[in-house]
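Colleague: return atomic coordinates for the entry below.
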Amino acid sequence: MQEKLDQLHAEALEAVRSAESKEAIEELRVKYLGRKGEVTTFSKQIKDVPKEQRREFGQAVNELKQIVTFEIDARLNVLKKGRFDAIEETERIDVTLPGLNPPRGHLHPLTQIQSELEDIFTSMGFAILDGPELETDENNFEKLNIPGDHPARDMQDTFWTKDGNLLRTHTSPIQIRGMAKMKPPMRVVGPGRVFRYENIDASHEHTFYQMEGLMIDRNISVAHLIHFMRTLLGEIFQSEVKVRLRPGYFPFVEPGFELDFNCRICGGKGCSTCKHTGWVELIPCGLVHPNVLRMSGIDPDKWSGFAFGLGLSRLVMMRYTIDDIRHMLSGDLRFVEQF
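Modeller: Numbers count the residues shown, from 1 in each chain. This is a model prediction of the structure:
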């Protein structure tokens, strides 16, 4: 009996020490120490051993059980350590290395300038309004003192839809919608995208961005208009900007003006952007025509106001000395990433 016990001892130690996986160790634990395991079987046979040999044999069985248990646990720890050592080599992470910064997007220069303008105007008490890009003829032309037979419509070549609506040619309809919902006194600006059937060149696009502004109060004059325009340009460029105010015709204002400023691309010397004049038309403006007020339900005998239109695309061109408006909507990330 003792000889078989010694043989089992040697066999168990060799099997455990040569095991190469956690699963193999668990199989050996069941084989030797399980309810029907070989060491457990010897424990059950202690009662059958002669009385004078029983104590010695029992001690030997218990020692074997302890040795096999110790060897199994030791081998399992070795395998676990080896696994973590392998992970350390193959999946090592140096926490002292700098982190990886994923690429981040940013706002388009048109969006940036629009946000800045909204901040400037809200600081001057203006509300920010919005409106649909698909407009009615009434809001885009009729209520702006441009009836169907008016020659001024030829100045704004238009994309029409089959149902008689159109893609707005300016953001002035936002003002019309504002006057329909609000009562004077009022100060509003309406930024947005507009569309015209244009011959595309360095300074003209079929799709571009504008911001229209309107102020209605009592006894508004050209002096109020000039004050707000100077404040606006000073905030945008943070420097002295050479401007000129010249007469201009727009059906929705009377009198009307063109506010131009010195071309920042060529410094006033003349280039394709300014059509070789040295000046860039930036802000059409004037005092609101009485007919426009009247058609929006505002009494022109009690109220007056000024309106202006600011070309955001051209403003971005002047601010960053961009020589071609077509870059704005080109979709070329090399252009956008510069800002």
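Colleague: okay, CA-based contacts and neighbour counts for the rest of this
Modeller: OK.
Colleague: residue with max distance from the center of the protein?
Modeller: In the chain, the residue that sits farthest from the middle, by CA atoms, centre = their mean, is Glu52; the gap is 88.8 Å.
Colleague: doesn't it lie inside a helix?
Modeller: Yes - Glu52: assigned to a helix according to DSSP: H, G, I helix; E, B strand; the rest coil.
Colleague: so it versus Pro151, what's the distance?
Modeller: Distance, Glu52 to Pro151, using CA to CA, to the nearest Å: 130 Å.
Colleague: kindly report the same for Gln112.
Modeller: Applying CA to CA to Gln112 and Pro151 gives a distance of 36 Å.
Colleague: would you map the strands across the stretch 101-250 of the chain?
Modeller: Along the stretch 101-250 of the chain, the segments classed as strands by DSSP state E, counting those that start in this stretch run 127-128, 134-135, 166-167, 186-195, 207-217, 243-247.
Colleague: can you redo the ones you listed as a markdown table with mean pLDDT?
Modeller: Formatted as a markdown table, those follow (pLDDT from 0 to 100):
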| stretch | mean pLDDT |
| --- | --- |
| strand 127-128 | 94 |
| strand 134-135 | 94 |
| strand 166-167 | 92 |
| strand 186-195 | 93 |
| strand 207-217 | 91 |
| strand 243-247 | 83 |
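Colleague: a markdown table for the ones you listed, including mean neighbour count and distance to Val292?
Modeller: As requested, those are exported to a markdown table (neighbours: other CA atoms under 10 Å; distance: least, CA to CA, whole Å):
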| stretch | mean neighbour count | distance to Val292 |
| --- | --- | --- |
| strand 127-128 | 17 | 20 |
| strand 134-135 | 18 | 17 |
| strand 166-167 | 19 | 20 |
| strand 186-195 | 21 | 15 |
| strand 207-217 | 22 | 12 |
| strand 243-247 | 14 | 20 |
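Colleague: could those strands be laid out in a markdown table, adding distance to Gln338?
Modeller: Putting the strands of the stretch 101-250 of the chain into a markdown table (distance: least, CA to CA, whole Å) gives the following:
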| stretch | distance to Gln338 |
| --- | --- |
| strand 127-128 | 28 |
| strand 134-135 | 32 |
| strand 166-167 | 31 |
| strand 186-195 | 22 |
| strand 207-217 | 20 |
| strand 243-247 | 28 |
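Colleague: before I go, just wanted to say thanks for your time.
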